[in-house]
Each structure stands twice: as C-alpha cells, then as structure tokens.
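> 3D model of this:
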Amino acid sequence: MIKLGAIDPGVNKSDLENYIHTNHEDQMIKKKGIKLRGEPEKNWVPFSEVRNQPMTIKQVQQFLKDVGFFPFGKIDGVCGYRLVASMRLFQEYVHTIEGQTSIGPADAVFGKKTYDQIRRWQRDDVKADWVNVTANNPDPEYTRWMNLLQRVRDKNISTPSTMLRMINEYSQPCDTVKVRDWDLRPDRVQIVGVRRDEAKPGARMNDDVFLLLINGLVFKFYGTTDPGKSSNDAGAPFLMQGQHKYRFGWHKVFDSKFGVERSYLALKPMTTGVLVIRSGERQNPNLAESDVLNRRPERNNSINIHWGGKGASNWSQGCQVICGSGYINHKGDKIDCSDFAATFYPSLGKYQNGHYMTKGAYTVMADLVAAFSGDIHAANYTLLYERDLELHPEIGARAAKDILNKIS
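As a prediction, this is how the structure comes out:
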C-alpha cells in the first residue's frame, strides 16, 4: 500500500530532511526528528521505501497530475502532505461524484480498491470534471462570488466601517490587510467567512458559513467565526472584519493539556499575527458596537482556521472553525460526512461502526487548498458580514442562511 511516509527506492535522505524542515516547525523537529505527522493520536510516521506495489509513487503522482488532482505537485517519489491530500481527493471524488461507494470514505491509503479505480480511469480515459475549469475559465458561481468580493472592497474603501478604519490606521506589521490592499487575484486561494447577523447574543453557535474559491470552483462549508470562550480577562478575541493572510501550519503544536501529540495541519497567520478586537466577556461573549468603539485592535498569532469536530459545540477561543459533518461540493450537492466525521480528537484514525473516522468536511477543505494552490503556504481569508452579501443581487442577503440550511 502507498500511504503517508512512503517513498520510492533511491530517494535521497537530504531531500527528506529538506522536506521536513520546509513543512514542520522547529519544535516539532526537535521533538520527533525526521518524521511526518499522521492523523491519529501519537502517530508519527517515518519515511519508508515501498516495493512490489502495482504502481510506484512517481507513477501515482503522474496519474493524479494527469487526471486533475495533483496539478502543482512534484514528481519526486515522496508521499508527503500534498500527495496525501491529492490521494484523498481522488478517493473522495470517486466516492461522492461517481458514487463508487465500495471504495469507502477517503483515507489516503492506496490499496486494492483504489488501484482498481485507477485502472478503470486509465482504461476509460476518465478525468475529473474540473480539468478544464481554471481561475481564467471559471464556473459562473465562482465569478459571482469573486465579483462580490470586489464590490465589498470598493464599498469599504469609500465608506469603511469603524473596524476597517482601525485596520487602515494600524501601523505595526501584521497579517491583516488594509482595505485598499485586499488581494483578489483569481490565481490565489480565496477563503471567505460570512459572520451571520442572526447569532443570538451570548450564544456562540456553528451558524456561520465559509466558501472556498479555488481554481475557478466553489465549495461551501459551515462552522463559526466567533469565539465560544476565552481565558483572557480582557475577554474573547473576535477576528476583525476584512482580509487576512494565512499559510499552512500546525494547530496546537504545544497544547497545554494534551501536548504536541494532538497537533494537525491547519491554516495559521502568515507571519506576526492577525488583528482581533476583544469583547469584555470571557464566557459566551458577544461583540457589541461598544466593544469595537472602546477597544483597540491587537495582534494575535494563534487565530487559526481549523477543524471543529462534527459540529455539536463551539469551544474555539477565537479561531475560525470548520465543522466536519458536511459540505457542498463544486456541483452544488450536499455531501454528508456525519457517519465518519469524528466528534473529538481521540477518535480520529480509528474505526467506529465500520467507518474510518476522519475530520470529514474539514479534511476536504484542507486537501483542496494543499492540492490546488500553487503555493500551499499561502491563502487569503476574507471575513465578511452577512449584510455584505446584499451587494450582489444574484447572491443576496439570504445566501448564508440558505447555504447553512442545505449543509446542516
């Protein structure tokens, strides 16, 4: 089987060391050495040569590139994080788009069932239905959402909110972008969070939506953009409205309760941190206008975009949380992941009721970013308010609610 950590014979040790130093933080290397982080608890994977397989890793890489799942990957014979993402996306596509349920939920392990599907694709010359869709030849819905972002930027330049004026006046280095500098290039990964106006004060719920605009396609997810609690006496940190720069990194590299064993790939602020406004409450916080007027922005480098279980609770301290129970794919179809979406970290990578438990919908989002961004270390995250959707008549104010109702 080909899975995380597998390498073709003859791969140079120095290339593996460079890979680890490129993709891991110094603390992780010091603690675990030249190993890859797996999904289950305490799972660290050494590199290991594989032989006598139906395909070499280079052949798998070339196949995935040819059929539309590994467009920016290197043909290097190393099964690292980007290849794992592409492998899972192929399995997800076969399972959900083609309806070949015998392959099972995507686990990024290429064994007999997956090789059988590869042979079928090769025999019938099958390719992913998005191979001819690009940022320059996008799906019409992608064009609508990108147009909305441009309209929101133009409106915020001419009449910025109090929060956006604070961002424009902020003079220290940070990963939050002044309105005039929003990066809306279509060849960049664009993630949009929509903070819904209907959230009940004092009740942080998973009632926000997220859109991934990538390579001319649109995928939709749900979760929360708001904190559920905070240990800080100044109150919980709310990520500020606007655009922020993110990169791939690790969520909870050192968790005070669980330690490094429970870290996983997530999006982190690019360099020094993103700007937040703190509410005056630690538990069940609500960001009132008075909080915005009476407090100043502060830089925070721990506001990640990460997984939030199946979606039953919100325990975030300010991160942007993606629920795992379901998503809407590029064809507008709801994909139900609830049977195999883990609720809590300890069940990841284990079998429950015959299903291999994963992060579900969040895994799909993270894999798309890893596989379809030319630089897997960069993404633009733009946080809007629900009322911003009114700026595009074909999207409209009900769009967030409609998306949420369809997914959940």
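> drop to CA atoms for contacts and neighbour counts, all remaining ones
Fine.
> give me every residue that touches Gln150.
Leu184 (Cα atoms under 8 Å, 6 or more residues apart in numbering).
> How far off centre is whatever helix or strand it lives in?
Assigning secondary structure by DSSP states H and E places Gln150 in helix 140-158. Mean-position distance between helix 140-158 and its chain equals 21 Å (Cα atoms, centre = their mean, to the nearest Å).
> What is the end-to-end distance of stretch 181-197?
26 Å (Cα to Cα, to the nearest Å).
> Can you tell me what sits against it?
Here stretch 181-197 has contacts from 135-136, 146, 149-150, 153, 207-216, 224-226, 243, 369, 373, 378-387, 400, using Cα under 8 Å, 6+ apart.
> Show me which of the residues you listed are buried.
Applying 16 or more other Cα atoms under 10 Å to those, the neighbour count classes 135, 146, 149-150, 153, 207-216, 224-226, 243, 369, 373, 378-384, 386, 400 as buried.
> Next, check those residues against the helices and list the overlap.
Those of the buried ones among the contacts of stretch 181-197 mapping onto helices are Met146, Leu149, Gln150, Arg153, Val369, Ala400, per DSSP state H.
> Of all the residues in stretch 396-403, which ones are buried?
Ala397, Ala399, Ala400, Ile403.
> And for stretch 346-366?
In stretch 346-366, counting by 16+ other Cα under 10 Å, buried: 347-350, 356-366.
> which of the residues you listed are the two that sit furthest away from each other?
Lys350 and Met365 (20.8 Å; Cα to Cα).
> thinking again about what came up before, so of the contacts of stretch 181-197, which ones are in strands?
208-214, 224, 243, 379-385 (DSSP state E).
> ok, so of those, who is nearest Gln122?
Looking across those and measuring by Cα to Cα, the closest to Gln122 is Ile214, at 26.0 Å.
> What is the burial count for the closest residue to Glu394 other than its chain neighbours?
Nearest residue to Glu394 in three dimensions, chain neighbours excluded: Arg144, at 7.5 Å (Cα to Cα, 6 or more residues apart in numbering). Neighbour count for Arg144, taken as other Cα atoms under 10 Å: 15.
> So which bits of the helix holding Gln150 are buried?
Applying 16+ other Cα under 10 Å to helix 140-158 flags 141-143, 145-146, 148-153, 156-157 as buried.
> can you list the residues you listed in TSV and add distance to Tyr93?
Formatted as TSV, the buried residues of helix 140-158 follow (distance: Cα to Cα, whole Å):
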residue	distance to Tyr93
Glu141	20
Tyr142	20
Thr143	23
Trp145	24
Met146	25
Leu148	28
Leu149	28
Gln150	31
Arg151	33
Val152	33
Arg153	34
Asn156	38
Ile157	40
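> Max pairwise distance over those: which two?
Taking Cα to Cα, no two of these sit farther apart than Glu141 and Ile157, at 24.6 Å.
> What part of this structure, helix or strand, is modelled with the least confidence?
Ranked by mean pLDDT, DSSP states H and E, the weakest helix or strand in the chain is helix 289-294, scoring a mean of 77.
> on contacts alone, who are the packing partners of that one?
helix 162-169, strand 274-278 (3 or more Cα pairs under 8 Å, 6 or more residues apart in numbering; DSSP states H and E).
> Test my guess that Pro173 contacts Val274.
No. Contact criterion Cα atoms under 8 Å: Pro173 and Val274 do not qualify, at 9.5 Å.
> which residues of the chain fall in helices?
Here the chain has its helices, by DSSP H, at 13-23, 26-32, 57-67, 81-96, 112-124, 140-158, 162-169, 289-294, 361-372, 399-407.
> average pLDDT across the fourth one?
By that I understand helix 81-96. Averaging pLDDT along helix 81-96 yields 96.
> Show residues contacting that helix.
Under Cα under 8 Å, 6+ apart, the answer for helix 81-96 is 3-4, 61, 64, 69-70, 73, 100-110, 114, 117, 128, 335, 364, 366-368, 370-371.
> Buried ones from those residues, can you make that a ChimeraX selection?
To isolate the buried members of the contacts of helix 81-96 in ChimeraX, using 16+ other Cα under 10 Å:
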select :3,4,61,64,69,70,73,103,104,105,106,107,108,109,110,114,117,128,335,364,366,367,368,370,371
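> Tell me the buried residues in stretch 157-164?
Quick answer for stretch 157-164 (16+ other Cα under 10 Å): Ile157, Pro160, Met163, Leu164.
> Stretch 336-349 too?
Asp336, Cys337, Ser338, Asp339, Phe340, Ala341, Ala342, Thr343, Tyr345, Ser347, Leu348, Gly349.
> As TSV, the residues you listed with pLDDT and distance to Ser230 would be great.
Formatted as TSV, the buried residues of stretch 336-349 follow (pLDDT from 0 to 100; distance: Cα to Cα, whole Å):
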residue	pLDDT	distance to Ser230
Asp336	95	31
Cys337	93	29
Ser338	92	28
Asp339	91	31
Phe340	91	30
Ala341	92	26
Ala342	90	24
Thr343	88	21
Tyr345	83	20
Ser347	86	25
Leu348	87	26
Gly349	84	29
